[in-house]
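[1] Give me a model of this one.
(chains A, B, C and D)
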2 protein chains.
Amino acid sequence: MVEKDFSEQEHQDALNHLKESIPANEELESMVNIFKAFGDMTRVKIILALSKTPLSVGEIADTLDMSQSSISHQLSLLRQLNLVTSVRHGRNIHYRLSDQHIITIFGQTKDHIIEDEND
Amino acid sequence: MVEKDFSEQEHQDALNHLKESIPANEELESMVNIFKAFGDMTRVKIILALSKTPLSVGEIADTLDMSQSSISHQLSLLRQLNLVTSVRHGRNIHYRLSDQHIITIFGQTKDHIIEDEND
DNA sequence: TGAATATATGAGCATTCATTCATATTTCAT
DNA sequence: ATGAAATATGAATGAATGCTCATATATTCA
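    Residues are numbered from 1 along each chain as shown, chains lettered A, B, ... in the order given. Okay, the predicted model is just below:
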C-alpha cells in the first residue's frame, strides 16, 4: 500500500491517530450485543409488540404465531441484555420494555432507510 | 392460556389490535438487516473508523489488524446496505460513510447502555 | 507489454445461532 | 395432595455467518 493519494495533511493526521481512536473490544461489546439482539426478526417483533403494551409469554407467542419455547428463549436473551424486564403475576410472567429508548433507536434506523430510498 | 390477569380494558384493546400492528416481514427486513450489520465487531470498527475520515481498504485493514480479504468482504456487505459508498482513486478505492446518521444511532445505543449501568 | 499493487470474489471450514423437542419448575384450583 | 396451566431450560440440529486461502480483476508504472 503506497497510499499518498488523499495527499491532504488533514487525512494524514486522521490516519495517525486512527488506531488509538477505535475503542477496544470490551468497550464495544455491549453495543454490539444489543445490535445483535436487534438483528433478528423474531426479537424485533417481540420488542415492537412490547412497545404497545406489556405482555405475557403466551400472548407474545400467540401474537407472533410462534412456539412458547422459542419466545421464551428469546425473552431470556433480551432479559440478559436488560432490554426487557419481567414480573410474575400468578402463573403468568409479564414482560415489558425496560426503556422506551429502544423504540427511538428503531425510529432512527427507519429514518436512515427512508433517506436511502430518496436517491 | 387463561390470561385475564391484567384485567384492564386498556390492555384488552391493545391485545386485540396487536397482531395487525406488527409490520410484516418485508417491511421490517431492511431494518433488521441494518442491525445485523451493526451486530458484528469488525463492521462496527470499520464504521467507527470511517466516521473519522474516508479510508481505502488497505488502510482499514491496517488500522484493524485484519486481512485485506476479510475487510473487503465486510465492505461489500456494508455497501449493499447503502451504509458506505466507494469511489475509485487510481489503484485505491476510497470508502466513506454514506450517512452520518449511523453515528447518531451508535450514540443512542451507547446511551441506552449508560442508563443501564445506573441501576 | 509486463510486473507490481490494490481490491474483489468464490469455495471451504469452523463457529454461532434460532428453532424444536422433551422435560423441569412454578403456581393455581379443586 | 393432585392435576392442569404457564413458563423455563437443556440438548440436538440445521442454517447462517465470518474468516481464510487461492485466485481473478483493475490500475499504475517502468
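
[2] Now do residue A:59: how many residues are near it, please.
    Close neighbours of residue A:59, defined as other C-beta atoms under 10 Å in any protein chain shown, add up to 22. Bear in mind the C-beta positions are built from the backbone N, C-alpha and C, glycine included.

[3] State the distance from it to DNA strand D.
    Distance, residue A:59 to DNA strand D, by C-beta to the nearest atom of the strand, to the nearest Å: 7 Å.

[4] Just confirm that residue contacts residue B:12, I think it does.
    No: using C-beta atoms under 8 Å, residue A:59 makes no contact with residue B:12, being 11.1 Å away.

[5] in chain A, what spans have low per-residue confidence?
    A:1-7, A:118-119 (pLDDT under 70).

[6] Where is the longest helix in it?
    helix A:101-117 (DSSP state H).

[7] Next, the angle helix B:101-117 makes with that helix.
    For helix A:101-117 against helix B:101-117, the angle between stretch directions is 180 degrees (axes from the mean of the first three to the mean of the last three C-alpha atoms, to 10 degrees).

[8] Go ahead and name everything in contact with helix A:101-117.
    A:38, A:44, A:47-48, A:51, A:83, A:97, B:30-31, B:34-35, B:82, B:99, B:101-102, B:104-105, B:108-109, B:111-112, B:115 (C-beta atoms under 8 Å, 6 or more residues apart in numbering or on different chains).

[9] at 6 Å what do you get?
    With contact meaning C-beta atoms under 6 Å, 6 or more residues apart in numbering or on different chains, helix A:101-117 is reached by A:51, B:30-31, B:34, B:82, B:101, B:105, B:108-109, B:112.

[10] Out of the residues you listed, which two sit at the greatest distance?
    Largest separation among the contacts of helix A:101-117 by C-beta to C-beta: A:51 and B:82, giving 25.9 Å.

[11] More neighbours: the two, which one.
    Comparing residue A:51 with residue B:82 by other C-beta under 10 Å, the one with more neighbours is residue B:82, at 17 against 14.

[12] what about the closest residue in space to that one that isn't next to it in sequence, neighbour count?
    Leaving aside its chain neighbours, residue B:82 sits nearest to residue A:116 (4.8 Å; criterion: C-beta to C-beta, 6 or more residues apart in numbering or on different chains). By other C-beta under 10 Å, 16 other residues sit near residue A:116.

[13] ok, now residue A:115?
    Look at residue A:115: counted by other C-beta under 10 Å, it has 13 neighbours.

[14] what's the distance between it and DNA strand C?
    From residue A:115 across to DNA strand C, the span is 23 Å (C-beta to the nearest atom of the strand).

[15] so how far is DNA strand D from the residue nearest to residue B:82?
    For residue A:116, the distance to DNA strand D equals 19 Å [C-beta to the nearest atom of the strand].

[16] how near is that residue to residue B:40?
    From residue A:116 over to residue B:40 the distance is 20 Å, taken as C-beta to C-beta, to the nearest Å.

[17] mind listing the helices in chain A by residue range?
    Assigned by DSSP H, the helices in chain A fall at A:9-21, A:25-38, A:41-52, A:57-64, A:68-80, A:101-117.
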